[in-house]
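*Asks:* Predicted model and sequence follow; I will ask about them next.
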Amino acid sequence: MEEAPEMIQEEAIQTDTKLILIENAMIIQGENIILDKVSFQIGAGEFVYFLGRTGSGKSSLLKMLYADLPFEGEAGMVAGYDLKNIRSREIPLLRRKLGMVFQDFQLLTDRTVAENLHFVLAATGWRDRQQMSDRIDEVLSITGVLHKKDKMPHQLSGGEQQKVVIARALLNNPDLLLVDEPTGNLDPQSSEEVLNTLVALKNSGKTILMATHDMLVVEKYPARTLWFNDGRVTDNQ
């Protein structure tokens, strides 16, 4: 879609609502400093890239945002939770406010698309079967794969699987989508379909933070970009 680049930029939502606030954060693995002096804010309705080569710390920073890595820094707020002081029992509550999309899909291979999504709803407290079924149909419709709900993951193309993963991330109506290299394992046509799905979600009001090493993606769908290079993060805003 040729209009996609303009859509991201011109329809950006300006707001004072900060979903992410990071000040002077550091990520350490073993004895190595992966990232240092990281500071940025992301408001509701934004589409923001984490852009950098493989190994530059993008995925590590995403893990810090959903509390899979400990927070080191002056301040760290995500979706209303203080990463410096978050308790272990609060981490599942934080993650319910986040939708996470991974490069390797992480679908359960022994059950259908609908059963994969039903599993997530049940695990996050849904009980009414009709409401669960309706919500599954709704998110699969949003991502364009409702007609695949009774298929097994191996019966889907890579692009279709990634759309199911995006649908799964939307189940609990998260405040923020964290998307890690969503096109890394896809062919060009499937990549474009997935990116168009993400652009449509952003234009419907979703906040999206997407890690990628693909400069061509950023050029085709330009948006605010945080650059990862030599252990630092710079903002093109």
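*Replies:* Yep, that arrived. Numbers count the residues shown, from 1 in each chain.
*Asks:* from here on, contacts and neighbour counts on C-alpha atoms
*Replies:* OK.
*Asks:* Show me the helices in the protein, by range?
*Replies:* 4-10, 58-65, 91-96, 113-123, 129-142, 158-170, 188-203, 215-220 (DSSP state H).
*Asks:* where does this protein have low pLDDT?
*Replies:* Scanning the chain with the threshold set as pLDDT under 70 gives 1-16, 237.
*Asks:* looking at it, which residue ends up farthest from its center?
*Replies:* No residue in the chain sits farther from the centre than residue 31, which is 28.3 Å out by CA atoms, centre = their mean.
*Asks:* how close does that residue get to residue 99?
*Replies:* According to CA to CA, to the nearest Å, residue 31 stands 31 Å off from residue 99.
*Asks:* So what sits opposite the residue positioned nearest the centre of the chain in the bridge?
*Replies:* Among the residues of the chain, the one closest to the centroid is residue 178, at 1.9 Å (CA atoms, centre = their mean). Beta-bridge partners for residue 178, by DSSP bridges, are residue 100, residue 209.
*Asks:* That one and residue 74: what is the separation?
*Replies:* Distance from residue 178 to residue 74, by CA to CA: 22 Å.
*Asks:* what do you get for residue 46?
*Replies:* For residue 46, the distance to residue 74 - CA to CA - is 24 Å.
*Asks:* what do you get for residue 168?
*Replies:* 33 Å.
*Asks:* Between these two, point out the one with more neighbours.
*Replies:* Using other CA atoms under 10 Å, the more surrounded residue of residue 168 and residue 74 is residue 168, with 27 against 13.
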